[in-house]
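A.B. asks: Need a 3D model of the following:
(one chain, ligands or ions: 1)
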Amino acid sequence: MDLNNITSPSFLKKLNKKELDTLANDIRSFLINKCSITGGHIGPNLGVVELTIALHRAFSTPKDKFIWDVGHQSYVHKILTGRASQFDSLRQYKGLSGFPKRNESEHDEWETGHSSTSLSAAMGMAVARDLKKDDSYVVPIIGDGALTGGMALEALNHIGHEKTRMIVILNDNEMSIAPNVGALHNILGRLRTAKEYSKAKEELESLMKKIPVLGGKMASTAERVKDSLKYLVVSGVFFEEMGFKYLGPIDGHDIDSLEKTLDYAKKAKGPVLVHVITKKGKGYKPAEEDTIGTWHGTGPYKMETGDFVKSKTKGPGWSSLVSESVRKLMETDERIVAITPAMPVGSKMEGIQRDFPHRFFDVGIAEQHAVTMAAGLATQGMKPYLAIYSTFLQRAYDQVLHDVARQNLNVFIGIDRAGLVGADGETHQGVYDIAFLRHIPNIVLMMPKDENEGQHMVKTAVEYNDGPIAMRYPRGNGYGVPLDEEMTTIPIGSWEVLREGQSASILTFGTTIPMVMEAAEELSEKGIHVQVVNARFIKPMDEGMLHEIMSSKMPILTVEEAVLQGGFGSAVLEFASDNNYYNSIERIGIPDLFVEQGSVDLLLNEIDITKEEIIKRIEILVSTNDRLGTKTV
Ligand SMILES: Cc1ncc(C[n+]2csc(CCOP(=O)(O)OP(=O)(O)O)c2C)c(N)n1
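C.D. replies: Now for the predicted structure:
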């Protein structure tokens with residue numbers, strides 16, 4: 001069938017079994033083909049083809065509400081709700097989002113990107129529904145990985161207590177972004193294999209229904225039998241104890257049994273959890289055989305072989321460089337303990353995991369726990385290294401503030417994917433961390449200009465024993481600069497002049513340095529000689545150098561790939577104001593908006609973080625300064 005002709009999911013209800021199987025095959029081929037060109041979350045989506053079809057047959061969106069947790073597995077839903085024709089633009093600038101988007105379709109009730117929000121959102125929607133005396137269904141769809149997130153567990157606790165009517169679909173493929181971890185994962189493992197429990201429970205329940213009047217003693221005896229049966233057959237029937245009716249485990253690739261179970265679930269008065277077993281990557285051999293998470297989300301690949309199309313890179317990946325530097329230091333420093341909240345593959349920590357299995361912890365999707373666990377380690381004289389994406393560190397703001405910084409503990413935070421990240425879009429841009437960390441007392445925040453300075457910063461962070469220290473590094477690869485044999489430390493709070501000049505000073509750090517250097521070169525050809533400073537410590541700033549620059553009365557331009565409000569430029573303005581300097585100061589950075597998806601270069605262009613803008617601003621600054629002269633105190 002031509003999937004481009006689908007306009008609404010209502011057509012599904014008219015299809016017979018054979019037609020449904022054909023549709024599932026067509027959707028798989030379509031996804032494998034389209035994602036081979038655009039890249040995307042192919043593995044998770046291949047796993048939910050039948051589940052999504054069954055859901056759209058059992059329910060009627062938009063009246064009924066689907067809430068996709070994380071949202072990376074919503075491609076099939078997008079196809080069935082009339083968006084197949086947009087897949088050529090998947091994850092590209094102004095194109096189809098890789099996550100649910102409310103402005104894309106009335107069938108997208110909830111936007112995500114970060115994990116474990118679905119159950120709380122569903123609770124809100126279900127309460128609203130009940131208050132409005134509506135009869136719709138609220139259906140959160142959550143993976144076994146996302147279920148380990150603290151928020152999901154907080155919501156389960158509340159929903160089970162309130163007995164709110166909703167149908168939770170647990171999409172259990174035994175994988176998070178990498179293999180799933182944790183005690184909850186083990187509970188699911190036992191449930192997956194405990195078919196006998198489900199069968200025995202059903203038999204007992206139907207037996208109990210056959211007894212005409214279950215009065216007093218007899219009823220409670222029967223309940224007790226049922227209870228003890230649970231423990232006899234499978235220890236810890238977690239969900240029932242939490243107040244949910246547990247249905248499953250169901251084969252998530254069998255549309256018929258999925259539908260029967262969903263129809264049964266619809267009759268329940270309170271919360272139901274349908275445990276669905278799926279296979280990530282189903283139907284595409286390379287993805288199906290993946291055991292480490294390579295096919296969770298990919299760039300373009302050759303469809304026939306599954307070989308990834310390699311883009312040309314000069315230097316090592318930033319995550320590899322940082323993890324490898326930490327791994328080397330772990331050889332001689334036994335205090336170092338490495339932690340990742342579910343991202344061992346993304347943060348390239350396999351080497352650490354292999355060489356130091358007892359000093360490596362994948363804690364699951366649990367950023368808050370990861371940070372406070374690191375704080376606990378630090379109280380005992382250990383040196384925790386926590387690799388965490390900038391965007392996900394947002395989850396652990398209070399833990400950084402209250403547990404780490406307030407107690408001034410020696411925690412080293414590697415802020416991975418700092419800056420714009422590209423195709424994942426608004427939910428994943430790592431552009432807020434400076435603004436939400438800079439005002440926290442005690443913390444040191446730095447970003448290297450290249451991978452050599454990066455390895456020295458890792459050493460600096462490990463040697464630093466005066467409190468928390470965080471190092472930002474971008475997504476992607478370094479420039480291929482030579483790496484010094486020995487890692488050395490950099491004086492905390494020291495900046496570096498990269499280019500001398502008297503007309504103006506440009507203060508910048510990290511990824512924007514090359515564009516600033518190019519702008520400086522072009523400006524010098526026009527007779528404007530700017531100083532360029534590698535402001536590698538965002539906190540503390542190099543106050544000595546700032547006094548020097550500001551007292552020279554040069555105009556100043558700050559450039560950062562991060563939000564302007566509360567950012568590095570703001571810190572420079574605060575410094576000027578606090579010290580009564582009146583230099584002209586302008587800032588380039590991310591304005592007050594959420595930056596959408598697209599290639600990083602294109603996005604930088606869109607928000608005017610460009611060489612051309614730097615040249616333009618400096619020319620205006622310098623000419624105004626010359627005309628007016630610098631105001632003095
Ligand atoms: C707060 C947060 N931390 C980390 C991530 C990165 N992440 C994206 S998907 C994913 C795994 C989700 O696993 P699961 O819910 O089981 O879905 P599956 O991909 O297996 O279908 C992780 C850790 C995220 N999106 N949000």
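
A.B. asks: Quick one: find the helix or strand in this protein with the lowest mean pLDDT.
C.D. replies: The least trusted helix or strand in the chain, going by mean pLDDT, DSSP states H and E, turns out to be helix 216-233, with a mean of 54.

A.B. asks: And the strands in the stretch 451-600 of the chain, which stretches?
C.D. replies: 469-472, 496-499, 504-508, 530-534, 537-539, 556-563, 585-590 (DSSP state E, counting those that start in this stretch).

A.B. asks: among these, which is nearest the ligand?
C.D. replies: Relative to the ligand, the nearest member of the strands of the stretch 451-600 of the chain by Cβ to the nearest ligand atom is strand 469-472, separated by 17.6 Å. Where you see a C-beta, it was placed from the backbone N, CA and C, and this is true even at glycine.

A.B. asks: correct me, but residue 151 touches residue 121?
C.D. replies: No. Taking contacts as Cβ atoms under 8 Å, residue 151 lies outside contact range of residue 121: 9.9 Å.

A.B. asks: For the top helix by length along the chain, list every residue counted as buried.
C.D. replies: Taking DSSP state H as the criterion, the chain has its longest helix at helix 17-38. Neighbour counts using 16 or more other Cβ atoms under 10 Å place 20, 23-24, 26-28, 30-32, 34-36, 38 of helix 17-38 among the buried residues.

A.B. asks: Kindly report the same for stretch 109-129.
C.D. replies: For stretch 109-129, the neighbour count (16+ other Cβ under 10 Å) marks 109-123, 125-126, 129 as buried.

A.B. asks: separation between the spatially closest residue to residue 519 that is not a sequence neighbour and the ligand?
C.D. replies: Nearest residue to residue 519, sequence neighbours excluded (Cβ to Cβ, 6 or more residues apart in numbering): residue 614, at 4.0 Å. Distance of residue 614 to the ligand, given as Cβ to the nearest ligand atom, to the nearest Å: 34 Å.

A.B. asks: what about residue 614, which helix or strand?
C.D. replies: Using DSSP states H and E, residue 614 sits within helix 611-628.

A.B. asks: relative to strand 504-508, how tilted is that helix?
C.D. replies: For helix 611-628 against strand 504-508, the angle by axes from the mean of the first three to the mean of the last three Cα atoms, to 10 degrees is 140 degrees.

A.B. asks: could I have helix 611-628 exported to PDB, CA atoms only?
C.D. replies: Extracted C-alpha coordinates of helix 611-628, given in PDB (Å, rounded to 0.1, in the frame of the first residue of the first chain):
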ATOM      1  CA  LYS A 611      31.700  35.200  11.200                       C
ATOM      2  CA  GLU A 612      29.800  37.800   9.200                       C
ATOM      3  CA  GLU A 613      27.800  39.000  12.200                       C
ATOM      4  CA  ILE A 614      31.000  39.200  14.300                       C
ATOM      5  CA  ILE A 615      32.700  41.400  11.600                       C
ATOM      6  CA  LYS A 616      29.600  43.600  11.400                       C
ATOM      7  CA  ARG A 617      29.300  44.100  15.100                       C
ATOM      8  CA  ILE A 618      33.000  44.800  15.600                       C
ATOM      9  CA  GLU A 619      32.900  47.400  12.700                       C
ATOM     10  CA  ILE A 620      30.000  49.200  14.300                       C
ATOM     11  CA  LEU A 621      31.500  49.000  17.800                       C
ATOM     12  CA  VAL A 622      34.800  50.300  16.700                       C
ATOM     13  CA  SER A 623      33.400  53.200  14.600                       C
ATOM     14  CA  THR A 624      31.000  54.200  17.400                       C
ATOM     15  CA  ASN A 625      33.800  54.100  19.900                       C
ATOM     16  CA  ASP A 626      36.000  56.200  17.700                       C
ATOM     17  CA  ARG A 627      33.200  58.800  17.100                       C
ATOM     18  CA  LEU A 628      32.100  59.100  20.700                       C
END
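
A.B. asks: what about the closest residue to residue 420 other than its chain neighbours, distance to the ligand?
C.D. replies: Using Cβ to Cβ, 6+ apart and skipping residues adjacent in sequence, the residue nearest residue 420 is residue 600, 4.7 Å away. Plainly put, residue 600 is 19 Å away from the ligand if you go by Cβ to the nearest ligand atom.

A.B. asks: residue contacts, residue 600?
C.D. replies: Listed by Cβ atoms under 8 Å, 6 or more residues apart in numbering, the contact set of residue 600 reads 419-422, 475-476.
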